[in-house]
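Visitor: could you work out the structure for the sequence below:
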Amino acid sequence: MIGGWAAEAVARLDREREDTGTTPLREFPLPGAWGVRLRLKDESAQPTGGLKHRLARALFAQVITSGRITEGTTVVDATGGPMAVAEAYFARLLGLPYIAVMPKKSSGAGVERLGGTCRYVHPPLAVYEEAARLSEEIGGHYLDHYRTAAEVDWRGASLADELFGQLGECPRWIVVGAGTGATSAAIGRRLRADGLPGRLAVADPENSAYFPGWATGAPDYATGMPSRIEGVGRPRMEPAFDSAVVDLVVPVPDAASVAAARYVRQVTGLAVGAATGTNLWAALELVTRMRDRGERGEVVSVIGDAGERHLATCHDDAWAEGRGLDWRPYADRLRDLLGEP
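Guide: Sure, this is the predicted structure:
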């Protein structure tokens, strides 16, 4: 049992989860004659605007209940983007100082708005060593979210529980991206623990280690190259990624991710990031296979990065062209498959 500050901190996390409520399932339009339904589980409705919100909450609960964080502990992590923002949000909720160590060219504005501090380092791969060094120097705790994500209990109050409660009937496929790998592991384990008939697919961008690592059965596979798609893909197989519960990993070209993100915006109005495009492209591959085999049923894709900031990234021609991502051929393929827009 835990008591005192730790008990109150966990209670705050539980209340935050209850107050946040359930994120929506959004319909993605497909031709009715196909007999296949596609829905998007939209984690962008979380308070920090993305899928990392649940993970950050679970990480804080894990390190608090294990005694690694106590009242007043400074939390340090090597991270940026949505993960850093989500961690800063929960650190503020719990009254804990927070420092995000991130590459020099990153923007820490979201962290700073939430009262956190950013430490910028170069080269980018130095963030891990600097976060560990800094936390030891100041007597803080290095959260190390890629490692800690592997410890998170996947049972109870998780994305998987909420999703299956919404669906009623298990879909044929659930499609997720993989950053830490914690989300795919939680959903895959839930499918197997309950003996559900659905299958799990992971959508993987270029340069990521997950597809080749899964395909070859090499748990230590590494590409050494960073993903260009924010939020998904890793240069190494992370500890939280459980390849044994993944039925399929779908490699997705980065330019296809950009085209699919733009298509989502056209048909739903959501300014999603390229990671949602990665998921949608993989989901449509599975939908097309079902259609061609005459199978009926549902595919659900977990998304979590809708936000106006993406209007200046994958929805901006200059941004995509500056990264050598020619989305136009993939946009043509989507139009041929689904029709206009």
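
Visitor: which parts of the stretch 151-300 of the chain are strands?
Guide: For the stretch 151-300 of the chain, applying DSSP state E, counting those that start in this stretch gives strands covering 173-177, 199-204, 248-251, 297-303.

Visitor: deepest of those, which one?
Guide: strand 173-177 (a mean of 29; mean count of other CB atoms under 10 Å). For the C-beta atoms, the positions are set from N, CA and C on the backbone; glycine is no exception.

Visitor: and the helix or strand of the chain with the lowest mean pLDDT with strand 297-303, angle?
Guide: Lowest on mean pLDDT, DSSP states H and E among the helices and strands of the chain sits helix 159-167, with a mean of 88. Angle, helix 159-167 to strand 297-303, by axes from the mean of the first three to the mean of the last three CA atoms, to 10 degrees: 140 degrees.

Visitor: okay, buried residues for helix 159-167 please.
Guide: 159-160, 162-164, 167 (16 or more other CB atoms under 10 Å).

Visitor: mind listing residues that contact it?
Guide: 22-23, 25, 41, 43, 51, 54, 154, 170, 174, 183, 186-187, 189-190, 194, 196, 298, 300, 302 (CB atoms under 8 Å, 6 or more residues apart in numbering).

Visitor: try it again with 6 Å
Guide: Contact with helix 159-167 is made by 22, 25, 41, 54, 186-187, 190, as judged by CB atoms under 6 Å, 6 or more residues apart in numbering.

Visitor: same thing with stretch 132-147?
Guide: 59, 68-69, 73-77, 131, 180, 238-239.

Visitor: and the residues you listed, which of them are in helices?
Guide: Members of the contacts of stretch 132-147 lying in helices (criterion: DSSP state H): 59, 131.

Visitor: narrow the contacts of stretch 132-147 to just the buried residues.
Guide: 59, 69, 73-77, 131, 180, 238-239.

Visitor: so which strand or helix has the residue nearest to residue 313 when sequence neighbours are not counted?
Guide: Among residues not flanking residue 313 along the chain, residue 319 sits closest, at 5.3 Å (CB to CB, 6 or more residues apart in numbering). Using DSSP states H and E, residue 319 maps to helix 317-322.

Visitor: can you lay out the strands of the stretch 151-300 of the chain as TSV showing mean pLDDT and distance to residue 281?
Guide: Below are the strands of the stretch 151-300 of the chain laid out as TSV (pLDDT from 0 to 100; distance: least, CB to CB, whole Å):
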stretch	mean pLDDT	distance to residue 281
strand 173-177	97	10
strand 199-204	98	7
strand 248-251	98	8
strand 297-303	95	10
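
Visitor: of those strands, which is nearest residue 18?
Guide: strand 297-303 (21.0 Å; CB to CB).

Visitor: and the helices in the stretch 201-341 of the chain, which stretches?
Guide: Per DSSP state H, counting those that start in this stretch, the stretch 201-341 of the chain carries helices over the ranges 210-216, 254-268, 274-293, 317-322, 328-338.

Visitor: low-confidence regions, the protein specifically.
Guide: 1-2, 154-157, 341 (pLDDT under 70).

Visitor: quick check: domain ranges of it?
Guide: For the chain, automatic domain parsing gives the domain ranges 21-50+156-338, 53-150.

Visitor: without its sequence neighbours, what residue ends up closest to residue 43?
Guide: Residue 43 sits nearest to residue 304 (CB to CB, 6+ apart), 3.3 Å away.

Visitor: equivalent analysis for residue 34, please.
Guide: Per CB to CB, 6+ apart, closest to residue 34 is residue 291, 4.6 Å.

Visitor: gap between the residue nearest to residue 313 and residue 13?
Guide: 36 Å (CB to CB, to the nearest Å).

Visitor: cool, residue 36 as well?
Guide: Counting by CB to CB - residue 36 and residue 13 are separated by 38 Å.

Visitor: and residue 186, by the same measure?
Guide: To residue 13, residue 186 is 17 Å away according to CB to CB.

Visitor: okay, those two: which has more neighbours?
Guide: residue 186 (27 against 20; other CB atoms under 10 Å).

Visitor: quick one: that one and residue 158 touch, right?
Guide: Yes. In this structure residue 186 lies within contact range of residue 158 using CB atoms under 6 Å: 5.2 Å.

Visitor: what's the neighbour count on residue 219?
Guide: Using other CB under 10 Å, the number of residues around residue 219 comes to 13.

Visitor: what's the nearest residue to it if we skip its chain neighbours?
Guide: Residue 219 sits nearest to residue 237 (CB to CB, 6+ apart), 5.7 Å away.

Visitor: what's near enough to touch that neighbour?
Guide: With CB under 6 Å, 6+ apart, residue 237 has these contacts: 209, 213, 219, 221.

Visitor: let's see that with 8 Å instead.
Guide: So residue 237 contacts 181, 209-210, 213, 218-222, 243 (CB under 8 Å, 6+ apart).

Visitor: one more: residue 327?
Guide: Residue 327 touches 255-256, 258-259, 262, 320, counting by CB under 8 Å, 6+ apart.

Visitor: pull out the buried residues from those residues.
Guide: Buried residues within these, counting neighbours by 16+ other CB under 10 Å: 255-256, 258-259, 262, 320.
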